[in-house]
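J.: Fold the following for me, if possible:
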Amino acid sequence: MLVELLAAVFASLCLSVLLNRVMLVIAPGLGLMDHPGERRIHGRPIPRAGGLAIWISFLAVVAAGLATGLLSSRGHLTWHWLGAFAAGSSLLIVTGYFDDRSGVRPLIKLAAHVLAPALFLLIHPSKTNLLPETWPLWTDHALFIVWVVILINAFNLIDGLDGLCAGLATVATFAMGGLALVNDRMDAAILLFIMAGAIIGFLNYNLNPARIFLGDAGSMLLGFFIATAATDAVGRKAVLGAVLLPIAVAGVPILDVLLAIWRRGMRRLLLQLKGERTEGGIFDADSDHLHHRLLRGGRSQRKVAVFLQAMAILLTAIAFLPLLFGDRLLGLSLVGLLIVGLAGLRHLIRVEVVHTGNVIHLAIKMPGRNRLLTGLLYAHDLLMLCLAVAIAVLLETGFRLRSDGLQKYLPFAVLFVTLGSLALIAARIHQRMWVRATVRDVLSLQFWLMAAAMASAGLYLVWSHEMGWGAIRLSLMSYVICILGISMPRVSLELTRELALEARHRVAEHSAEPSDYGAVAVFGAGDLGTLFLEHLKSSGPDQYKGMRLLGFLDDSEHLHGRRLRSFRILGGLSMIPHLVEQENLRGLIVAIKNPPAELLGRIERLRRKHGLTVYHWMASLDPITSAEDDLREEIHGGSGMQSNPPGRQPVAGAGGAGGPVVSGDDGRLS
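T.: Numbering: from 1, shown residues only. Prediction:
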């Protein structure tokens, strides 16, 4: 058994090395050349036919092994499975070939992504391991198609660096091969290790600096193979497999897909709110994938690829714990994934939260869309009520809901959804400003939903005397799930704006747009400094374009090293030379109401020495004492927050400090 496995892997490796060498020669004649461009990192044309070599190597070795009897026909290692895989993958290879050659419309590619697993199931109609065996076959097949489409797109999108996509696929195939051996699935293990050998043969030419690329045909092939083989390798641990398998075999690529959908969706919505044309949507290509962001941090292609592959190994190890050692380690695995996810996302979602914050800001400023927004919120809340009671019933029945059980729990579902909808109307949650939610708003929502849950349980007990504590459990589970689904999106609005503020001033460092502000620091970590952050959070995305807030300065030593909101207090004014040299500091915002003459003198000397622009942030409430003309002058003169280019409206400082501060009034930065 071990001998035939090693022989098959060695044959796949050698054949892949040979075919990739051939592709280097014939790819130009096939039109499969990747030319340098705006979104390309390489500077010379490179063949993108490695996927063809991997595909041919895998099919040839498996077919030859079955034909000669060197590979024993067992389980999924049969001509039947090979024919189904060859048919589905051929559709992707042909689509990828034309996409690599001249480009294919996104919808055509998506149709191929759906048809490939459908064709696979049509030829090889077996039940996968993604859902419990008691579930209908059509639900299992539908989920399988969705799963395959996700993985095809995940590996297709992550293919942007030398050795990255193939390296992640190698990690996945080896990990799943080991899992298949543990689960006594030698047939799945042989298929996985043969594909691993073909990929390693390709990596011989794809490591930085790459001589050949996978192409769309190759990246889609790898996603399709891993999706079809992973369901066999995991065994019959359906619930664990459905939760952890995607993370284990494709955690990094799937994260990249989710971020791309979020990012592109927010960009499209932002353009719609601005009244601008939107084309392409989530299918638009961009340069904000995970590997692009890591490259902007100054890392080399090789280091970025190694880092992402190490992350894939870590996620695989954490996710495989319960798959290998049983349900008792599920909690440990989920906690580990949560820690890794929170630590990683804080540094990875900056672009996404910036766009989300901009969308929230524009949505608040556009009262004309209130009816549409209210209608969408009503639909969301109704969906959450239905989803909450459905999940509660599934948990109560241990995911073994049958037709007779559906009739038993349907009255409770109707009661909970009806009373829950009335409770939401009574709580007036659709009339509240959730972007500035208070504790009272949240408590009011919880009270009314709890009242609806208890009323549902009471009425259901009257109707069904045999339920007893089951009705109480159902109501409590439904309440907890729906309160999370309904309240979390609302209370997270303010958190998103806070994160967007921080991310906007990190992303601005890499902005190519000209800016009057550049890197700035705020002097004064008191009330005015906090008020300035609140104003930045409420400002439009175009109000301070290019401003990058480095943090705060304050002469109070006990504040040094602490944080004001999400920005660090860097030190006192003595830090300015260091910030000028290391961070290219260009401006200083003084957030002190009446700065003394001695302080203004120090700031003036620093301004002259380092060529800084100094601004004054103030917030005051001044009465209007004159009549209509003065009011008109106040309105047109720019009361409230404005931004003026540096160097305008200089005001002489006290104590002989000649104009260190560009000042304003009524909360104006000028």
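
J.: Buried residues, the longest helix seen in the chain. List them.
T.: Determined from DSSP state H, the single longest helix within the chain is helix 469-507. Using 16 or more other C-beta atoms under 10 Å as the test for burial, helix 469-507 gives 470-472, 474-475, 477-483, 485-487, 490, 493, 496-505, 507. C-beta coordinates here come from the backbone N, C-alpha and C atoms, glycine included.

J.: in its sheet, what does the helix or strand following that helix sit against?
T.: Downstream of helix 469-507, the next assigned helix or strand under DSSP states H and E is strand 519-523. According to DSSP bridges, strand 519-523 has the following sheet partners: strand 548-553 (parallel), strand 585-590 (parallel).

J.: Could you report the distance from the closest residue to residue 350 other than its chain neighbours to residue 356?
T.: Excluding the flanking residues, the one nearest residue 350 by C-beta to C-beta, 6 or more residues apart in numbering is residue 503, at 3.6 Å. To residue 356, residue 503 is 9 Å away according to C-beta to C-beta, to the nearest Å.

J.: just residue 457 next, same as before
T.: Residue 457 sits at a distance of 37 Å from residue 356 (criterion: C-beta to C-beta).

J.: same deal with residue 386?
T.: 26 Å.

J.: which of those two has more neighbours?
T.: residue 356 (24 against 15; other C-beta atoms under 10 Å).

J.: and that one, how far is that from residue 225?
T.: Taken as C-beta to C-beta, the span from residue 356 to residue 225 is 35 Å.

J.: And residue 502, by the same measure?
T.: 40 Å.

J.: Work out for me the element residue 288 sits within.
T.: Going by DSSP H and E, residue 288 is not in any helix or strand.

J.: Kindly report the domain assignment for this protein.
T.: Residue ranges for the domains of the chain, per automatic domain parsing: 2-348, 367-505, 514-662.

J.: ok, back up a step: next, report how far the longest helix of the chain is displaced from the centre of its chain.
T.: Put simply, helix 469-507 sits 17 Å off its chain's centre (C-alpha atoms, centre = their mean, to the nearest Å).

J.: Between strand 548-553 and that helix, find me the angle.
T.: With axes from the mean of the first three to the mean of the last three C-alpha atoms, to 10 degrees defining the directions, helix 469-507 sits at 100 degrees from strand 548-553.

J.: what kind of secondary structure is residue 544 in?
T.: Three-state assignment for residue 544 (DSSP: H, G, I helix; E, B strand; the rest coil): coil.

J.: Quick check: which helices or strands does the helix or strand hosting residue 425 pack against?
T.: Residue 425 is part of helix 403-427, with elements assigned from DSSP H and E. Applying 3 or more C-beta pairs under 8 Å, 6 or more residues apart in numbering; DSSP states H and E, one finds that helix 403-427 makes contact with helix 370-396, helix 439-463, helix 469-507.

J.: With distance to residue 9 and mean pLDDT added, can I get these in CSV?
T.: Shown next, in CSV, are those (distance: least, C-beta to C-beta, whole Å; pLDDT from 0 to 100):
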stretch, distance to residue 9, mean pLDDT
helix 370-396, 42, 82
helix 439-463, 57, 86
helix 469-507, 45, 80
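
J.: Surely residue 13 and residue 203 touch.
T.: No. Counting by C-beta atoms under 8 Å, residue 13 does not reach residue 203; the two are 10.2 Å apart.

J.: For residue 593, grab phi and psi.
T.: Backbone torsions of residue 593, given as degrees, to the nearest 10, read phi -70, psi -50.

J.: That one: neighbour count?
T.: The number of residues near residue 593, taken as other C-beta under 10 Å, comes to 14.

J.: for it, what are its contacts?
T.: 528, 618, 620 (C-beta atoms under 8 Å, 6 or more residues apart in numbering).

J.: do you know how far it is from residue 616?
T.: 10 Å.

J.: and what of residue 290?
T.: In terms of C-beta to C-beta, residue 290 sits 41 Å off from residue 616.

J.: Pull the number of nearby residues for the residue lying closest to residue 520 once chain neighbours are set aside.
T.: If the residues on either side of it in the chain are set aside, residue 520 comes closest to residue 587, at 4.0 Å by C-beta to C-beta, 6+ apart. For residue 587, the neighbour count with other C-beta under 10 Å is 22.

J.: repeat for residue 539
T.: 17.

J.: Now do it against residue 66, distance only.
T.: In terms of C-beta to C-beta, residue 539 sits 66 Å off from residue 66.

J.: Which one of the helices and strands packed on helix 403-427 lies nearest to residue 110?
T.: Residue 110 lies closest, by C-beta to C-beta, to one member of the helices and strands packed on helix 403-427: helix 370-396, at 24.9 Å.

J.: Can you list the buried residues in stretch 561-568?
T.: Buried-residue list, stretch 561-568, by 16+ other C-beta under 10 Å: 564, 567.

J.: For it, the averaged confidence score.
T.: Mean per-residue pLDDT for stretch 561-568: 87.

J.: quick one: what helix or strand has the spatially closest residue to residue 269 that is not a sequence neighbour in it?
T.: Nearest non-adjacent residue to residue 269, counting by C-beta to C-beta, 6+ apart: residue 359, 5.3 Å away. Element membership for residue 359 (DSSP H and E) is helix 350-364.

J.: How far off centre is the helix holding residue 425?
T.: Counting by C-alpha atoms, centre = their mean, helix 403-427 comes out at 34 Å from the chain centroid.
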